[in-house]
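In: Show me the folded form of this:
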Amino acid sequence: MSKFFCLDDRYSTTRRLTKDKPKFERISNGVLSSKFFGSVSEKGGITGGLRVKGCFKQPYRGKPLISIVTVVYNGEKYLEQTIKSVLNQDYDNVEYIIVDGGSTDKTLDIIKKYDHAIDNWVSEKDSGIYNAMNKGVALCTGDYVAFLNADDWYVDGIVHNVFLAVKDDDIDYVFGNVNILGGVNESRVFYPQLSEYKFKMPLPHPSLFIRKKFLTQFKFNESYKAIADYDFILKIIRMDLNSKYMDRVFVNFRAGGMSSTPHEVEQFRLAYEHFGLLVALNKWYAKKNLRYQDILKKGFKKIVRTFWP
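Out: Purely as a prediction, here's the structure:
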């Protein structure tokens, strides 16, 4: 059994460390070599964190390792709050990964400020948010993985609550509610609506904690630029996995980012790929408040060409 040690009992990420290196599959899209934990990534970017110092994480019986990934690009405004909300969790087997897309503001300075408590961070160019999220998954060694946006923050104690939800049962994923923040003093809670999965996001992605093996099996489809998370969630829902819903807020989510804006072309394509043309067209009709006759007059083939990338 590995010998564990604590570097700093103030942080969730520094209480249970080992000198034993985990095993990684080699990454072909330019993050880190599976055998390398230096300060330069394969694409020429830079890396850092506890792994570079020879400190690693491992899952063990009764204490699953929970990996949290933050993807960021020029996120200096809120990133520190995001990082603190992970480090201040009271569960003691947390792995934190940050993937920066080569920010030009003070994002990297903020990351380096917490270099002593972040397991691994990498800063290099990427081809989009889902490319960065796939990189993050490849760098995780945990049993479960969650994604925390760079302008959001966790509710205190929520990771420990997730641990309690999975420790005694064979649970594939856990999810809960998200507090969505809009304008000044405006907020609303987003509750999962799994029965509506054909027509809208059925569960709030920032509240999802899922076994890593499913993120490895179903990588985020990088041909989607804005809704690959929806695509991923549809795949796991249709697999009928063992899940657990917790009726509590997991995350405070700032509205107004890319995921908050409509992406009608991708929505049509996603509905078509998962449910067929009739569902895709019905979804489009409802969104545009149009009649079948109005659409058909424009020509069926033209409609399909319009929404296919």
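In: top strand in the protein by residue count?
Out: Counting residues, the longest strand in the chain under DSSP state E turns out to be strand 243-254.
In: In terms of secondary structure, what does the next helix or strand after that strand contact?
Out: Counting by DSSP states H and E, the element after strand 243-254 in chain order, helix or strand, is helix 264-275. Of the remaining helices and strands, those touching helix 264-275 by 3 or more Cβ pairs under 8 Å, 6 or more residues apart in numbering; DSSP states H and E are helix 228-238, helix 277-288, helix 300-307. (C-beta placed from N, C-alpha, C; glycine too.)
In: re earlier: listing partners with orientation, what would you give for the longest strand of the chain?
Out: According to DSSP bridges, strand 243-254 forms sheet pairs with strand 153-154 (antiparallel), strand 173-181 (parallel).
In: what's the angle from the longest one to helix 228-238?
Out: In this case it means strand 173-181. Per axes from the mean of the first three to the mean of the last three Cα atoms, to 10 degrees, the angle that strand 173-181 makes with helix 228-238 is 140 degrees.
In: next one: strand 173-181 to chain centre, how far?
Out: Averaging C-alpha positions (Cα atoms, centre = their mean, to the nearest Å) puts strand 173-181 13 Å from its chain's average.
In: Please write out the alpha-carbon positions of it in PDB.
Out: The C-alpha coordinates for strand 173-181 follow below in PDB (Å, rounded to 0.1, in the frame of the first residue of the first chain):
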ATOM      1  CA  TYR A 173     -22.700   9.400 -11.800                       C
ATOM      2  CA  VAL A 174     -24.100  11.900  -9.300                       C
ATOM      3  CA  PHE A 175     -25.800  15.200 -10.200                       C
ATOM      4  CA  GLY A 176     -27.800  17.900  -8.500                       C
ATOM      5  CA  ASN A 177     -29.000  21.500  -8.900                       C
ATOM      6  CA  VAL A 178     -27.200  24.600 -10.000                       C
ATOM      7  CA  ASN A 179     -27.800  28.200  -8.800                       C
ATOM      8  CA  ILE A 180     -27.800  30.400 -12.000                       C
ATOM      9  CA  LEU A 181     -26.800  34.000 -11.400                       C
END
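In: How about residues contacting it?
Out: If you take Cβ atoms under 8 Å, 6 or more residues apart in numbering as the criterion, strand 173-181 is touched by 144, 158, 162, 165-166, 187-192, 203-204, 206-211, 214, 236, 241, 243-255.
In: Could you point out the helix or strand that follows that strand?
Out: The helix or strand immediately downstream of strand 173-181 is strand 187-190, counting by DSSP H and E.
In: Output the contacting helices and strands for that next one.
Out: strand 173-181.
In: what's the average pLDDT for the strand it packs on?
Out: The predicted model gives strand 173-181 an average pLDDT of 96.
In: what's the answer for stretch 145-153, then?
Out: 97.
In: do stretch 224-231 as well
Out: For stretch 224-231, mean pLDDT is 92.
In: Quick one: residues in contact with it.
Out: If you take Cβ under 8 Å, 6+ apart as the criterion, stretch 224-231 is touched by 128-130, 133, 147, 201, 205, 220-222, 258-259, 261, 263, 266-267, 269-270, 273-274.
In: among those, which ones are buried?
Out: 128-130, 133, 147, 201, 205, 220-222, 259, 263, 266-267, 269-270, 274 (16 or more other Cβ atoms under 10 Å).
In: Can you give me the neighbour number for the residue nearest to His263 when sequence neighbours are not counted?
Out: Nearest non-adjacent residue to His263, counting by Cβ to Cβ, 6 or more residues apart in numbering: Ala226, 4.3 Å away. Per other Cβ atoms under 10 Å, the neighbour tally for Ala226 reads 19.
In: On the three-state scheme, Ala226 is what?
Out: Counting by DSSP: H, G, I helix; E, B strand; the rest coil, the backbone at Ala226 sits in coil.
In: pretty sure Lys112 is touching Gly48, no?
Out: Yes: at 6.8 Å, Lys112 counts as touching Gly48 under the criterion of Cβ atoms under 8 Å.
In: more neighbours, the two?
Out: Gly48 (22 against 15).
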